[in-house]
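Q: Build me a model:
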Amino acid sequence: MGTIRLYATLRARADGERELDVGWRPGAPVGDVIRELIARKPGLEGHILDARGGVVPYVSVFVEGRDIRYLSGLETALANGDEIAIFPPVAGG
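A: Numbers count the residues shown, from 1 in each chain. Take a look at the predicted model:
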């Protein structure tokens with residue numbers, strides 16, 4: 001069991017949900033969980049993963065506060081109770 005938190009524009013694409021409780025087996029790769037999230041919330045298609053299955057540029061995915069780019073990418077293994085946070089590109093000034 002774990003939680004996925006969606007931020008900014010991703011919330012609207014997920015029917016307004018900010019937080020989703022998602023079950024996964026310990027050791028499951030974060031990429032599998034993200035693909036399952038997209039299957040449940042089709043409005044997220046193309047906004048987290050690109051057509052090749054990689055993380056869309058400028059989208060940040062964190063597991064327990066750590067950017068997966070500095071872990072094992074989409075192969076980062078999850079533990080029960082982990083939190084995944086997904087941030088879309090943000091601009092401002």
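Q: what sits up against the least confident helix or strand in the chain by mean pLDDT?
A: Least confident helix or strand of the chain, by mean pLDDT, DSSP states H and E, is strand 19-22 with a mean of 88. Residues outside strand 19-22 that contact it (C-beta atoms under 8 Å, 6 or more residues apart in numbering): 1-6, 14, 33, 36-37, 40-41. For glycine as for every other residue, the C-beta is placed from the backbone atoms N, C-alpha and C.
Q: The residue lying closest to Arg5 once chain neighbours are set aside bridge partners, please.
A: Leaving aside its chain neighbours, Arg5 sits nearest to Ala85 (4.7 Å; criterion: C-beta to C-beta, 6 or more residues apart in numbering). Going by DSSP bridges, Ala85 is paired in beta bridges with Arg5, Phe62.
Q: wait, what's in contact with Ala85?
A: 4-5, 7, 61-62, 65.
Q: all helices of this structure, in order?
A: 9-13, 30-40 (DSSP state H).
Q: most neighbours per residue, which of those helices?
A: Highest mean neighbour count among these (mean count of other C-beta atoms under 10 Å): helix 30-40, with a mean of 17.
Q: Identify the residues contacting it?
A: 2, 4, 20, 22, 24, 44-45, 48-49, 53, 61, 63, 68, 73-78, 84, 86.
Q: are any of these buried, and which?
A: 2, 4, 20, 22, 24, 44, 48-49, 61, 63, 68, 74, 76, 78, 84, 86 (16 or more other C-beta atoms under 10 Å).
Q: Show the pLDDT at the spatially closest residue to Gly43 that is not a sequence neighbour.
A: The shortest distance from Gly43 to any non-neighbouring residue, by C-beta to C-beta, 6+ apart, is to Arg13 (4.0 Å). Note for Arg13: predicted pLDDT of 95.
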